[in-house]
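A.B. asks: generate coordinates for the sequence data below:
(one chain, ligands or ions: 1)
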Amino acid sequence: MFAFAVCCNTFSQVSSGTGTDQSGNLPVRGFCISAPQPREVDEFVKFIDEELASRLVNTLILRVDYNYQYESHPELRDSVSLSRADVKKLVAICRKHNIRIIPQVNLLGHQSWAGKTGNLLKVYPQFDETPLVKMPEKYVWPNSDGLYCKSYCPLNPEVHRVVFDIVDEICDAFETDAFHAGMDEVFYIGEAQCPLCSGRDKAELFAGEVRVISDHLAQKGRKLWIWGDRLLDGKTTGMGEWEASYNNTHRAVDMIPKDVIICDWHYERPDQTPVYFAMKGLSVITCPWRNPSNAIIQVQDMLKFRRSATPEMKDRYLGMMQTIWSGAGQFLDNFYGRKPERPDNSGNSQVECFKALFGEIQKQGKSD
Ligand SMILES: [Zn+2]
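C.D. replies: Reported below is the predicted structural model:
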C-alpha cells in the first residue's frame with residue numbers, strides 16, 4: 001500500500017490510495033486546444049461541463065493568440081474574436097468544475113503559419129527576426145529559407161512592451177495564475193541577418209526570453225508554462241527536428257528558472273523524456289496527440305515515474321495533457337460525430353486518443 005500525498009502548492013490536491021480515485025493521483029489532468037470561435041463558445045462550454053468534467057480534467061489550456069478583443073492593442077485582434085463576455089462564460093464553467101484555465105499566446109516562435117504572417121509581425125514588422133525572409137506565395141516544406149514559422153527578435157527593445165500588454169490583459173480576462181507562452185519549434189533564433197542577435201549563443205537567447213517572460217508573470221504571481229521541445233537535444237537523442245532542437249537551444253534546459261512548467265509533447269513515440277526534465281529540476285507534463293496506444297503507455301510511464309522516483313523528484317511528474325491540433329469547432333464536429341475525423345496515414349485520431357488517455361487514467365486510478 002502506498003500513501004504519498006501530492007505536495008504541490010500550485011495544484012489542487014487529489015486523494016490517494018483509496019482504491020476509487022479515478023484521477024490516477026495525477027496533479028495535472030489537462031486538455032489543450034485552440035480557443036473556440038465566438039459562435040462555438042456555447043457548445044464548447046457544454047463540452048467542458050459534460051465531457052471534461054466527467055473525465056476529471058482539471059487543467060484547460062486555451063490557445064487564444066489574437067482571438068480576443070484586446071483593448072490594450074486593438075490593432076492585433078483577429079477580425080472575428082472572443083469578447084470579454086465569451087471569455088467569462090469559459091471562466092465560469094471552469095470554476096464550477098475546479099478546472100484551472102490557462103490562456104496561451106505564442107511568444108518568440110510561431111509568428112507565422114505556412115504562407116500567412118501572424119498578427120504581431122503583420123502590424124509590427126520591425127519585430128521580425130528574419131526580415132529578409134519573404135513569405136512565399138505558396139508555402140512548401142522544405143524550402144530554401146528553412147522557413148517553418150517566423151520568430152520575433154527577443155532582443156528588440158520594443159517587443160515586450162507590446163506582447164506583455166497582451167499577456168497581462170488575457171491573464172486578467174481569464175482570471176488566471178498561469179500563462180502558456182508556447183515557445184515551441186523556434187527554428188529562427190540568433191540569426192545572422194539580425195543585427196541584435198547575430199553571433200549570440202542561441203541557448204542563451206532562448207533561456208533569456210524564457211526568463212524575461214517568467215519574471216514578468218511573477219510580478220503578478222503568475223507561473224509560466226512552455227512546450228519542452230527546444231530544451232531537448234535532437235541530434236544526440238535522434239528525436240525529430242520539431243520535437244527536439246537541432247539549432248543548439250537545448251542547453252537552455254540548464255539556464256531557465258526551475259519553476260517554469262514543461263509541457264513535453266511526443267506524438268510518434270512514447271519517449272521517456274519526463275525523467276530528463278525531472279532530473280534537471282523541472283516539473284513536467286506528458287502530452288500526447290492522436291496515437292491512443294502511445295497515450296496509454298505514456299500514462300503508465302507517468303504513474304511509474306511518480307511511484308518510483310526519489311522524494312526529491314516525485315512531485316515534478318505532474319501528469320498528462322491531451323493536445324488537440326485542430327480548431328475547437330472541428331474537434332467538436334468530430335467528437336459529436338457530425339463529421340468524421342480525417343485520419344492520418346496510420347488511422348490515428350485525436351478524439352480516440354483523448355478518450356483512451358482519460359480512460360487509462362481512470363482505469364489506473366481504480367486499480368490503485
Ligand atoms: Zn534578433
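A.B. asks: give me the neighbour count for residue 133.
C.D. replies: 18 (other C-beta atoms under 10 Å). C-beta here means a position set from N, CA and C on the backbone, and glycine is covered the same way.
A.B. asks: helix, strand or coil: sort out the residue nearest to it when sequence neighbours are not counted for me.
C.D. replies: Leaving aside its sequence neighbours, residue 133 sits nearest to residue 145 (C-beta to C-beta, 6 or more residues apart in numbering; 4.7 Å). Applying DSSP: H, G, I helix; E, B strand; the rest coil to residue 145 yields a three-state assignment of coil.
A.B. asks: how close does residue 145 get to residue 352?
C.D. replies: Here the distance between residue 145 and residue 352 works out to 37 Å (C-beta to C-beta, to the nearest Å).
A.B. asks: to what extent is the residue nearest to residue 133 buried, counted in neighbours?
C.D. replies: Residue crowding around residue 145 was assessed by other C-beta under 10 Å; the count is 14.
A.B. asks: pLDDT at it, what is it?
C.D. replies: As summarised for this prediction, residue 145 has a pLDDT of 95.
A.B. asks: quick check: which ranges of the chain have low pLDDT?
C.D. replies: Low-confidence regions of the chain, defined by pLDDT under 70, span residues 1-20, 368.
A.B. asks: can you tell me which residues in it are near the ion?
C.D. replies: 129, 153, 194, 196-197 (C-beta under 5 Å from the ion).
A.B. asks: which residue does the stretch 251-368 of the chain bring closest to the ion?
C.D. replies: Among the residues of the stretch 251-368 of the chain, residue 252 lies nearest to the ion; the distance is 15.9 Å by C-beta to the ion.
A.B. asks: residues contacting that residue?
C.D. replies: Under the criterion of C-beta atoms under 8 Å, 6 or more residues apart in numbering, the contact partners of residue 252 comprise 203-204, 206-207, 210, 230-231.
A.B. asks: repeat that for residue 269.
C.D. replies: Residue 269 neighbours (C-beta under 8 Å, 6+ apart): residue 294.
A.B. asks: give me the element it is part of.
C.D. replies: Per DSSP states H and E: residue 269 is located in neither a helix nor a strand.
A.B. asks: next one: phi and psi at it?
C.D. replies: When read as degrees, to the nearest 10, the backbone of residue 269 gives phi -140, psi 150.
A.B. asks: mind checking how far it is from residue 238?
C.D. replies: Note on residue 269: its distance to residue 238, by C-beta to C-beta, is 10 Å.
A.B. asks: could you pull out the strands for the stretch 201-350 of the chain?
C.D. replies: In the stretch 201-350 of the chain, the segments counted as strands under DSSP state E, counting those that start in this stretch are 223-227, 261-265, 284-287, 317-323.
A.B. asks: for the shortest one, what is the distance to the chain centroid?
C.D. replies: On the basis of C-alpha atoms, centre = their mean, to the nearest Å, the separation between the geometric centre of strand 284-287 and that of its chain is 9 Å.
A.B. asks: which helices and strands sit right next to that strand?
C.D. replies: Using 3 or more C-beta pairs under 8 Å, 6 or more residues apart in numbering; DSSP states H and E as the contact test, the elements touching strand 284-287 are strand 28-34, strand 261-265, helix 273-279, helix 292-308, strand 317-323.
A.B. asks: picking up where we left off before, please work out which of the strands of the stretch 201-350 of the chain is packed deepest.
C.D. replies: When the strands of the stretch 201-350 of the chain are scored by mean count of other C-beta atoms under 10 Å, the highest mean neighbour count falls to strand 284-287 (a mean of 27).
A.B. asks: sheet partners, orientation included, of that one?
C.D. replies: On the basis of DSSP bridges, the sheet neighbours of strand 284-287 come out as strand 261-265 (parallel), strand 317-323 (parallel).
A.B. asks: closest to residue 66 out of these?
C.D. replies: Of all the strands paired with strand 284-287, it is strand 317-323 that lies closest to residue 66, at 20.0 Å by C-beta to C-beta.
A.B. asks: okay, the angle between the closest one and strand 223-227?
C.D. replies: Relative orientation of strand 317-323 with respect to strand 223-227: 60 degrees, computed using axes from the mean of the first three to the mean of the last three C-alpha atoms, to 10 degrees.
A.B. asks: render the CA-only coordinates of strand 317-323 in PDB, please.
C.D. replies: Listed in PDB are the C-alpha atoms of strand 317-323, where the atom choice follows Å, rounded to 0.1, in the frame of the first residue of the first chain:
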ATOM      1  CA  TYR A 317       6.000  14.400 -12.500                       C
ATOM      2  CA  LEU A 318       2.900  16.500 -12.800                       C
ATOM      3  CA  GLY A 319       0.700  14.500 -15.100                       C
ATOM      4  CA  MET A 320      -0.800  14.300 -18.600                       C
ATOM      5  CA  MET A 321      -2.300  16.700 -21.100                       C
ATOM      6  CA  GLN A 322      -4.200  15.800 -24.200                       C
ATOM      7  CA  THR A 323      -3.300  18.200 -27.100                       C
END
